[in-house]
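Participant: sequence unavailable; structure follows:
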């Protein structure tokens, strides 16, 4: 040991960099390089000369923004965006609405069985998306469905399938979002509410005027994460697909990326489309943050 | 009368649960929510006990007699590949979450307790990663892995999931709140080096936070479908999610496989629900306001 008396934070030298080295190496290898590589691929395309036979007949050429132009004007992709938009609005409104309602109810002093309800609502978080889709998929299946005995709708048919899929996402996501909001509420000093009660405010007024404003950063954070997850929806429709023919292989934009890359083998289109999806995710989440004045990451 | 009760209940910090002005409505709404969340899980629990014939003939919530034979059928399916999927999932989720927690904790500690050139730049770069969609990464990751011959290996699923920007963000908040500067200073005065301070002072204090990070990562990797679906071709290396999907894709039009799929689904969620119920007190998500107490 050196006899240095105060090797304080300012003289740490290379130490913090060493501590951060694993994260930075992983960041470079598994984030930076793949992003750059995707961008590179998205600007290229295979050119087939002659009959496409022989060694040098296939060459990779630079095509500029052609792949993007194709991705932006692709009717199939647009249809996918529209489906996901409808699905996403439904999921965001219902899931976050329920999460907020449950968090407020749990935090109020007037409920019984709060602990049980909290655990029960959070439980689906532990069920993988694939398993959740399987569970609900079987519950939707006409031959098995107990729901069919009450409602006479084909839950996997054209009219209902968006709602059925949104239900899977709401079921899986409401507990996690509820927990984020609820933990946030528990950190609020109880004295705020007492003061309001003495001033004559009712429980609903307290919720609307005090609790929701206090939770705003957490609400924004959960909304941003939900928007990102919704734009990239893949697992649920992919898992439900074998059970119905209402869900096409390009139902969501991400499913089209998968099909382009691994079924049709057109990596360049897939790369361009995934950059477009990323850009839309970023624009929507930053746009949303901007609208609500950057309060979510204020502390970071 | 009602008002005085409400005020009195409010005055007590942990007041006894009194019925509020809205009667039992709040409790009823919450219980409906709980019912909605529990119903599908309880349905699969019952459906997995039904034999092939019972699945379609008996009433939905009537338990059947076929649980053991369903499990036996599942164990026989393709020479017991289901148990291999289970082990693989445990390996991916356990190993991945451990490594991820270690990397996040050390990074978070360095970012919280050292000041150095480029600190904000590095933090912002890492945090920017939260917003990068998985899809942009998965395809080139697959291509790069295939170039170096690592596609379709355990590494291809394990390695990309170690870095988790969100966990680094959490770890930084925990480290800031849980490690007093005075303690580090005292350690330095006693002659402890940086490495010793990390191991003996910082990490023990961050332990509750690290458990939270581990749990979230474990669940995230256990539930991941996209990455292994893209990376793996060999079903011997599949995790449960991809395995169950292939089982469904193979059996969607074969009601004879329904029992296997339902039993497999049940068995695949039991470990996580068990983990979830035993580790309940560690689930902390109060990151939004930075109000983290260890």
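Facilitator: On my side now, so go ahead. Just so it is clear, the model here is predicted, and its values are computed rather than measured.
Participant: tell me the SS of residue A:172?
Facilitator: Following DSSP: H, G, I helix; E, B strand; the rest coil, we place residue A:172 in the helix state.
Participant: now do it against residue B:65, distance only.
Facilitator: According to Cβ to Cβ, to the nearest Å, residue A:172 and residue B:65 sit 31 Å apart. (C-beta placed from N, C-alpha, C; glycine too.)
Participant: flag the shaky bits of the stretch 1-150 of chain B, pLDDT-wise.
Facilitator: B:1-21 (pLDDT under 70).
Participant: tell me where it has helices.
Facilitator: Secondary structure of the stretch 1-150 of chain B (DSSP state H, counting those that start in this stretch): helices located at B:2-11, B:25-47, B:52-57, B:67-76, B:81-113, B:119-128, B:134-147.
Participant: in JSON lines, list those helices along with distance to chain A and mean neighbour count.
Facilitator: Output for the helices of the stretch 1-150 of chain B, formatted as JSON lines (distance: least, Cβ to the nearest Cβ, whole Å; neighbours: other Cβ atoms under 10 Å in any protein chain shown):
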{"stretch": "helix B:2-11", "distance to chain A": "5", "mean neighbour count": "14"}
{"stretch": "helix B:25-47", "distance to chain A": "4", "mean neighbour count": "18"}
{"stretch": "helix B:52-57", "distance to chain A": "6", "mean neighbour count": "15"}
{"stretch": "helix B:67-76", "distance to chain A": "14", "mean neighbour count": "16"}
{"stretch": "helix B:81-113", "distance to chain A": "4", "mean neighbour count": "22"}
{"stretch": "helix B:119-128", "distance to chain A": "6", "mean neighbour count": "16"}
{"stretch": "helix B:134-147", "distance to chain A": "4", "mean neighbour count": "21"}
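Participant: ok so, going back, with neighbour numbers in mind, choose between residue A:172 and residue B:65.
Facilitator: Per other Cβ atoms under 10 Å in any protein chain shown, whichever of residue A:172 and residue B:65 has more neighbours is residue A:172, with 25 against 11.
Participant: can you redo the helices of the stretch 1-150 of chain B as JSON lines with distance to residue B:246?
Facilitator: Formatted as JSON lines, these follow (distance: least, Cβ to Cβ, whole Å):
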{"stretch": "helix B:2-11", "distance to residue B:246": "55"}
{"stretch": "helix B:25-47", "distance to residue B:246": "19"}
{"stretch": "helix B:52-57", "distance to residue B:246": "21"}
{"stretch": "helix B:67-76", "distance to residue B:246": "14"}
{"stretch": "helix B:81-113", "distance to residue B:246": "10"}
{"stretch": "helix B:119-128", "distance to residue B:246": "35"}
{"stretch": "helix B:134-147", "distance to residue B:246": "18"}
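Participant: end to end on stretch A:121-134, go ahead and measure it.
Facilitator: Start-to-end span of stretch A:121-134 (Cα to Cα, to the nearest Å) is 19 Å.
Participant: for residue B:288, report the pLDDT, please.
Facilitator: For residue B:288, the pLDDT comes out at 42.
Participant: which element is encountered next along the chain beyond the helix or strand harbouring residue A:101?
Facilitator: Following DSSP states H and E, one finds residue A:101 within helix A:75-107. Proceeding N to C from helix A:75-107, the next assigned helix or strand is helix A:114-122, under DSSP H and E.
Participant: now do the contacts for the residue nearest the centre of chain B.
Facilitator: When Cα atoms, centre = their mean is applied to chain B, the residue found nearest the centroid is residue B:219 (1.6 Å). Residues near residue B:219 by Cβ atoms under 8 Å, 6 or more residues apart in numbering or on different chains: A:125, A:126, B:93, B:272, B:276.
Participant: isn't the last one up against residue A:120?
Facilitator: Right, residue B:276. No. Look at residue B:276 against residue A:120 with Cβ atoms under 8 Å: they stay out of range, at 11.6 Å.
Participant: what's the nearest residue to residue 280 if we skip its chain neighbours?
Facilitator: If you meant another chain, say so; for now it's chain A. Excluding the flanking residues, the one nearest residue A:280 by Cβ to Cβ, 6 or more residues apart in numbering or on different chains is residue A:231, at 6.2 Å.
Participant: my bad, the chain I had in mind was chain B
Facilitator: residue A:119 (7.0 Å).
Participant: confidence score at that neighbour?
Facilitator: pLDDT, read off for residue A:119, is 91.
Participant: ok, residue 235 - contacts?
Facilitator: In the absence of a named chain, chain A is used. Residue A:235 makes contact with A:129, A:130, A:133, B:225, B:226, B:241, according to Cβ under 8 Å, 6+ apart.
Participant: to clarify, I was referring to chain B.
Facilitator: Counting by Cβ under 8 Å, 6+ apart, residue B:235 touches B:78, B:81, B:243, B:246.
Participant: for chain B, what is the nearest residue in chain A?
Facilitator: For chain A and chain B, the shortest gap (Cβ to the nearest Cβ) falls at residue A:110, measuring 3.1 Å.
Participant: residue B:24 is in contact with that residue, correct?
Facilitator: No. Residue A:110 sits out of contact with residue B:24 when judged by Cβ under 8 Å, with a separation of 9.0 Å.
Participant: is it true that residue B:122 touches residue A:19?
Facilitator: No. Applying Cβ under 8 Å as the test, residue B:122 and residue A:19 come out as separate, 10.8 Å apart.
Participant: so what's residue B:279 closest to, chain neighbours aside?
Facilitator: Using Cβ to Cβ, 6+ apart, the closest residue to residue B:279 is residue B:215 (5.8 Å).
Participant: can you check what pLDDT the model gives residue A:293?
Facilitator: Looking at residue A:293, its pLDDT is 60.
Participant: what about the stretch 1-150 of chain A, any weak spots by pLDDT?
Facilitator: A:1-12, A:50-57, A:148-149.
Participant: ok, back up a step: just the closest of the contacts of residue B:235 to residue B:280, please.
Facilitator: Ranked by distance to residue B:280 (Cβ to Cβ), those are led by residue B:243 at 27.9 Å.
Participant: how close does that closest one sit to chain A?
Facilitator: 9 Å (Cβ to the nearest Cβ, to the nearest Å).
Participant: got a list of contacts for the one helix or strand that residue maps to?
Facilitator: Per DSSP H and E, residue B:243 falls inside helix B:240-251. Residues outside helix B:240-251 that contact it (Cβ under 8 Å, 6+ apart): A:128-131, A:134, A:137, A:235, A:238-239, A:242-243, B:77, B:81-82, B:85-86, B:88-89, B:222-225, B:228-229, B:232, B:235, B:238, B:257-258, B:260-261, B:264-265, B:268.
Participant: of those, which belong to helices?
Facilitator: Secondary structure from DSSP state H places A:129-131, A:134, A:137, A:235, A:238-239, B:81-82, B:85-86, B:88-89, B:222-223, B:228-229, B:258, B:260-261, B:264-265, B:268 of those in helices.
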